[in-house]
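J.: sequence plus predicted model, see below.
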Amino acid sequence: MQPILTASQIKALDAYTIAHEPIVSIDLMERACRAFVAWFTERFNNSFTVGIVCGTGNNGGDGLGIARLLKEWGYPVRVWLVKGGAPESIDYKINLDRLKHLGGVQIDEITAAPECSIFSDEDFLIDALFGTGLSRPVEGIYAKVIACMNTARGTRVAVDLPSGFMADEPTTGPSVEARYTVSFQLPKLAFFFPSSFQYVGEWAVVDIGLNKAFIRQALTSHFFMDRNTARSLLRRRSKFDHKGSYGHALLVAGSLGKMGAAVLSARATLRSGVGLLTVHTPQAGISIVQTAVPEAMLSIDGHASVFAGEVQPERYTTIGIGPGLGKAPETVKAFHKLLENFPHPMVIDADALNILGENRELLHLVPKGSILTPHPKEFERLVGPWQNDFERLEKQKQLAGQLQSVVVLKGAYTSIAAPDGKVYFNPTGNPGMATGGSGDVLTGILTGLLAQRYDTLEGALLGVYLHGFAGDLGAWEKGMDSLIASDIVEFLSGAFARLGG
Ligand SMILES: NC(=O)C1=CN([C@@H]2O[C@H](COP(=O)(O)OP(=O)(O)OC[C@H]3O[C@@H](n4cnc5c(N)ncnc54)[C@H](O)[C@@H]3O)[C@@H](O)[C@H]2O)[C@H](O)CC1
Ligand SMILES: [K+]
């Protein structure tokens with residue numbers, strides 16, 4: 001699990017590394033430059049021309065070091081020094097001397113708002129104006145340089161952060177819109193929000209050897225899931241286990257015209273290792289579910305087309321509810337009754353969430369340790385609108401705390417908020433999964449894991465990871481465009497096998 005540190009924590013990490021490795025700051029900067037150049041040269045050969053736009057802080061210092069190294073690699077390089085009032089850092093000056101000493105690189109100063117044509121020749125524009133030292137929206141010359149960079153034809157690659165972009169708060173001023181961002185050591189919180197993509201583009205993290213102990217003990221409430229953590233959460237089976245060892249899940253899903261959601265979530269529950277599965281279905285779904293999911297037993301509702309009846313909750317270790325449920329008045333009443341009678345963790349999705357959004361007096365009945373899986377629209381119906389992604393994150397934390405449950409907010413990146421205020425961002429998944437039924441599959445996976453008595457948070461982290469991993473396997477095989485929810489179910493076993501292998 002990778003912690004996500006704030007810009008100021010990263011500065012402290014910098015200083016700690018310099019003091020304790022120990023390493024002088026110019027050598028740490030050189031390590032950063034080499035890491036950036038390794039990333040760049042692996043992808044783009046030296047037939048491309050490179051222009052590097054440097055501020056006068058350490059981000060600019062990185063830019064000058066990168067210019068020198070790329071020149072040594074045989075790239076045609078030119079540099080602009082933007083003098084807009086920011087102070088010149090010591091390492092900036094050292095790297096400027098080193099670059100001049102190497103020679104062969106045209107260095108121009110920008111001391112006033114430039115003509116945008118100055119950036120028109122380069123194949124790549126490397127953005128080294130500002131990094132984590134940005135403390136307020138950029139203005140004046142810097143803003144004009146950024147505007148010119150954004151209209152230039154060259155591919156923009158940001159050093160550490162796109163200049164003007166805020167790592168830990170909403171970006172309100174001008175910012176470079178990078179195609180790639182190569183960030184040092186750790187991803188920044190804002191990278192995980194959809195609103196950042198226009199600035200950050202495709203981001204990568206390069207290791208620059210910052211102190212791992214400091215990172216581990218850093219106080220943070222934001223984390224980035226990784227494969228090793230997911231693997232460690234996956235339980236091994238014992239040869240003496242039996243069906244009962246893996247729980248008995250109930251899925252309350254499907255209504256006339258939306259029985260497919262019940263089938264998809266049921267198949268996913270089974271593929272997630274549950275021992276027994278019962279699907280509570282209206283009459284309309286009897287033959288459908290029994291045919292499509294022969295492994296599932298049925299709890300048959302008295303109503304022809306919607307969930308309206310009673311279930312015997314005591315028979316099940318967990319209940320997943322929502323896929324294709326509909327919001328008929330009878331269903332609202334039946335869901336209310338179920339909430340009053342089932343004290344164990346539930347997985348609540350789709351229309352069950354919409355019912356909670358429209359009947360907020362029911363929220364206090366949500367059993368502690370449940371998992372809610374809203375997509376942003378369902379989330380807004382639950383908590384009301386937000387100004388920006390940071391406010392959305394706070395609302396997500398609040399809801400998780402209020403319900404003492406886990407709130408999975410689906411999207412890129414899916415985030416998992418725990419009741420203690422910690423939030424985990426999931427790395428797997430792809431846009432091919434934005435297809436009808438994908439959420440039903442996730443509900444099934446989570447229901448299957450909770451029924452096996454996975455701890456709620458661990459089940460949510462593992463289930464979201466596997467859902468995205470199965471989607472990635474499916475996309476590799478079938479392409480993102482043609483990926484459908486049934487493929488995610490089909491590749492789920494592969495995801496479990498590869499993760500557990
Ligand atoms: N551990 C690491 O990640 C390393 C990072 N390195 C690089 O250092 C920068 C951070 O450098 P810093 O000198 O702190 O600040 P910046 O270069 O980002 O900014 C320069 C300077 O600009 C002033 N300033 C802030 N906001 C504005 C504004 N809106 N307008 C004008 N001027 C502004 C302020 O004085 C800043 O100090 C990091 O991103 C990495 O690229 C190290 O090279 C290696 C280790
Ligand atoms: K930058």
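T.: Nice, I can see it. Ligands and ions are numbered 1, 2, ... in the order given.
J.: can you report how many residues lie near the nearest residue to residue 180 once chain neighbours are set aside?
T.: Closest residue to residue 180 apart from its sequence neighbours, by CB to CB, 6 or more residues apart in numbering: residue 157 at 4.7 Å. For the C-beta atoms, the positions are set from N, CA and C on the backbone; glycine is no exception. Neighbourhood size, residue 157 [other CB atoms under 10 Å]: 26.
J.: ok, now residue 398?
T.: 14.
J.: contact residues of the chain facing ligand 2?
T.: 59, 127, 131, 158-159, 163 (CB under 5 Å from the ion).
J.: at 6 Å what do you get?
T.: 59, 127-131, 158-161, 163 (CB under 6 Å from the ion).
J.: of the residues you listed, list those near ligand 1.
T.: 59, 130-131, 159-161 (CB under 6 Å from any ligand atom).
J.: strands - which of those land there?
T.: Of these, the ones assigned to strands by DSSP state E are residue 159.
J.: thinking again about what came up before, so for the strand or helix carrying the residue nearest to residue 180, mean pLDDT?
T.: Using DSSP states H and E, residue 157 maps to strand 155-159. The average pLDDT for strand 155-159 rounds to 98.
J.: would TSV of the residues of the chain next to ligand 2 with neighbour count be doable?
T.: Listed next are the residues of the chain next to ligand 2 as TSV, based on neighbours: other CB atoms under 10 Å:
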residue	neighbour count
59	26
127	32
128	32
129	29
130	29
131	28
158	31
159	31
160	27
161	32
163	29
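J.: sitting in helices, which of the residues you listed do you find?
T.: residue 59 (DSSP state H).
J.: ok, so of the ones next to ligand 1 among the residues of the chain next to ligand 2, who is nearest ligand 1?
T.: Nearest to ligand 1, judged by CB to the nearest ligand atom, of these is residue 131 at 1.7 Å.
J.: return the residues in contact with the residue lying closest to the closest one once chain neighbours are set aside.
T.: Nearest residue to residue 131, sequence neighbours excluded (CB to CB, 6+ apart): residue 59, at 3.4 Å. By CB atoms under 8 Å, 6 or more residues apart in numbering, the contact set of residue 59 is 128-133, 159-161, 163.
J.: let's see 7 Å
T.: Shown in contact with residue 59 (CB atoms under 7 Å, 6 or more residues apart in numbering): 128-131, 133, 159-160.
J.: swap in residue 245?
T.: With CB under 7 Å, 6+ apart, residue 245 has these contacts: residue 275.
J.: measure it to residue 453 for me?
T.: 9 Å (CB to CB, to the nearest Å).
J.: same thing with residue 120?
T.: Distance from residue 120 to residue 453, by CB to CB: 62 Å.
J.: is it correct that residue 124 is in contact with residue 157?
T.: Yes - taking CB atoms under 7 Å as the definition, residue 124 is a contact partner of residue 157 at 6.1 Å.
J.: does the spatially most central residue of the chain fall in a helix, a strand, or a coil region?
T.: What sits nearest the mean C-alpha location of the chain, by CA atoms, centre = their mean, is residue 413, with 2.4 Å. Going by DSSP: H, G, I helix; E, B strand; the rest coil, the secondary structure assigned to residue 413 is coil.
J.: is it true that it touches residue 192?
T.: Yes - with contact defined as CB under 7 Å, residue 413 reaches residue 192; the gap is 4.6 Å.
J.: please name the nearest non-neighbouring residue to residue 30.
T.: residue 65 (6.0 Å).
J.: and what of residue 388?
T.: Nearest to residue 388 is residue 170, by CB to CB, 6+ apart, at 4.4 Å.
J.: also residue 147?
T.: In space, residue 147 is closest to residue 174, 6.4 Å off (CB to CB, 6+ apart).
J.: quick one: contacts for that neighbour?
T.: So, once contact is read as CB under 7 Å, 6+ apart, residue 174 ends up touching 138, 143, 146-147, 164.
J.: A strand includes it, no?
T.: No - counting by three-state DSSP, residue 174 is not part of a strand but coil.
J.: buried stuff in stretch 322-334?
T.: Of the residues in stretch 322-334, 322-328, 330-332, 334 count as buried by neighbour count, 16 or more other CB atoms under 10 Å.
J.: swap that for stretch 255-269, please
T.: Buried-residue list, stretch 255-269, by 16+ other CB under 10 Å: 255-256, 258-269.
J.: ok, and the most crowded of the contacts of residue 174?
T.: Ranking those using other CB under 10 Å puts residue 164 first, with 26 neighbours.
J.: gap between that one and residue 498?
T.: Applying CB to CB to residue 164 and residue 498 gives a distance of 40 Å.
J.: one more: residue 135?
T.: For residue 135, the distance to residue 498 - CB to CB - is 44 Å.
J.: these two: which has the busier surroundings?
T.: Shown here are residue 135 and residue 498; by other CB under 10 Å, residue 498 has more neighbours (15 against 8).
J.: may I ask you to confirm that the more buried one belongs to a helix?
T.: Yes - counting by three-state DSSP, residue 498 is found in a helix.
J.: can you tell me how far it sits from residue 268?
T.: Relative to residue 268, and taking CB to CB, residue 498 is found at 17 Å.
J.: do the same with residue 112
T.: On the measure of CB to CB, residue 112 and residue 268 end up 60 Å apart.
J.: could you point out which element follows the helix or strand hosting residue 99?
T.: Assigned by DSSP H and E, residue 99 belongs to helix 90-102. The C-terminal neighbour of helix 90-102 among helices and strands, as given by DSSP H and E, is strand 106-110.
J.: same question for that next one: list its buried residues.
T.: By 16+ other CB under 10 Å, the buried positions in strand 106-110 come out as 107, 110.
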